[in-house]
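Novice: Output the structure for:
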Amino acid sequence: MELIFTPGTPEHTLMEFLSYPLNTGEPILNRFASLRGAIRRAGSATGEGFVFVPGARPDAAVLVAHADTYFLTAAGEHKMVLSNGTVSSAEPDAGIGADDRAGCAIAWLLKDSGHHLLILDGEELGRVGASYLMKNFFEIKKIIQASSFMVEFDRRNENEYKIYDLPVTEEFVAYIEKETGFTEPDKRAFSDICTLCTEGCCGVNLSVAYKNEHDQNETLDIAAWKKNYLLFASMLNKPLQKFDLKRP
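Specialist: Here you go, the predicted structure:
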C-alpha cells in the first residue's frame with residue numbers, strides 16, 4: 001500500500017508499522033533495538049524475544065506493545081486498502097496486523113517521552129516473550145516492577161481498557177477511567193500484562209482502535225487511533241503516581 005501521509009506525521013508512522021510483514025516481528029524489534037540504550041534479547045524458542053529501552057524519568061511508566069501478529073503464515077508483502085479513513089486488508093486470508101502494530105506505532109511515537117519501552121515477541125503464541133523476560137532477566141524485571149505502572153497499547157475498539165484479573169487497586173482503576181474516559185467491557189482473555197504485572201506495579205491495556213483482530217476483516221480507524229495516541233501522550237506527559245498491585 002502506498003504511504004500517502006506526509007512523512008513525520010503520526011499517520012505516516014502508523015502506515016510504516018502496518019506495512020511490515022505479518023509473519024515476523026523481526027523488523028519491528030530491529031527498529032526499536034536501534035534506539036540508544038536499547039537491550040535486545042532472544043531465546044531459542046519461537047516468540048522468545050523482546051526489546052527493552054530504559055526511560056530517563058524518575059516516575060517512568062512502562063509502555064508495552066507486541067511486535068508479532070496473529071497471521072504468522074502470511075508470508076511476504078500484504079496488501080491493504082484505505083477507504084473513508086479506515087484501513088482494511090485486500091488479502092483473502094489475513095488481516096492487517098493492527099493487533100498490535102497500531103500499538104507499536106504509538107510506542108515508537110512516544111520513544112522520546114522518558115518512559116520505558118518494552119516491545120515483546122510471541123504475545124499471540126501465549127505471551128511467550130513476556131514469560132521469557134520474566135523468567136530470565138531479573139534486572140529488567142526489577143526495573144519494570146518498580147515503574148509507576150504499565151500501559152499496553154493493545155486493545156480493540158476506541159474507548160476500552162482491560163485489567164483482566166490483575167489485582168489492581170481501586171485508585172488505579174479510577175485514575176485510568178478519569179484520564180481516558182474508557183470503560184472495561186469484561187474480564188475475559190489475557191495479554192502480556194497478565195504475565196508482566198505479577199508482584200509490583202499495576203497495569204492496563206488500552207484501546208488503539210483496531211477491530212475484528214485475528215480475522216481477515218480486521219480494520220483500523222486512523223482518526224480514532226490518532227485521537228487515542230494524542231490522549232495517551234497527554235496523559236503520560238503529566239507527573240505520574242506509582243500504583244502498586246494489591247498485596248495478598
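Novice: And for the residue lying closest to residue 244 once chain neighbours are set aside, the neighbour number?
Specialist: Of all residues beyond its chain neighbours, the one nearest residue 244 is residue 201 (6.0 Å), with distances taken as Cβ to Cβ, 6 or more residues apart in numbering. The C-beta positions use only the backbone N, C-alpha and C, and glycine is treated the same way. Burial measure for residue 201: 23 neighbouring residues, criterion other Cβ atoms under 10 Å.
Novice: can you pull the buried residues of the helix or strand hosting residue 27?
Specialist: Assessed by DSSP states H and E, residue 27 sits inside helix 26-33. For helix 26-33, the neighbour count (16 or more other Cβ atoms under 10 Å) marks 26, 28-29, 31-33 as buried.
Novice: Outside of stretch 140-149 itself, list whatever touches it.
Specialist: Judged by Cβ atoms under 8 Å, 6 or more residues apart in numbering, the contacts made with stretch 140-149 from elsewhere in the structure are 39, 52, 54, 59-62, 116, 118, 133-134, 150, 172, 196, 198-204, 240-243.
Novice: quick revisit: next, the residue nearest to residue 244: phi, psi?
Specialist: Here the main-chain torsion angles of residue 201 (degrees, to the nearest 10) amount to phi -80, psi 160.
Novice: With residue 136 instead?
Specialist: Torsion angles, degrees, to the nearest 10, at residue 136: phi -120, psi -10.
Novice: how much space between it and residue 244?
Specialist: The span separating residue 136 from residue 244 equals 24 Å under the rule Cβ to Cβ, to the nearest Å.
Novice: Tell me who's in contact with residue 152.
Specialist: Residue 152 is in contact with 64-65, 103, 191-193, 203-206, counting by Cβ under 8 Å, 6+ apart.
Novice: Show the buried residues in the contacts of stretch 140-149.
Specialist: With burial judged by 16+ other Cβ under 10 Å, the buried subset of the contacts of stretch 140-149 is 52, 60-62, 116, 118, 133-134, 150, 172, 196, 200-204, 240, 243.
Novice: Could you list the single helix or strand in this structure with the lowest mean pLDDT?
Specialist: Using mean pLDDT, DSSP states H and E, strand 80-83 stands out as the lowest-scoring helix or strand of the chain, at a mean of 94.
Novice: That one pairs with which strands, parallel or anti?
Specialist: According to DSSP bridges, strand 80-83 has the following sheet partners: strand 86-89 (antiparallel).
Novice: buried stuff in the partner strand?
Specialist: Neighbour-count burial for strand 86-89 [16+ other Cβ under 10 Å]: 87-89.
Novice: Would you tell me which helix is longest in this protein?
Specialist: With DSSP state H setting the assignment, residue counts place helix 222-237 as the longest helix in the chain.
Novice: List the buried residues of that one.
Specialist: Residues of helix 222-237 classed as buried under the neighbour-count rule (16+ other Cβ under 10 Å) are 222, 224-226, 228-229, 231-232, 235-236.
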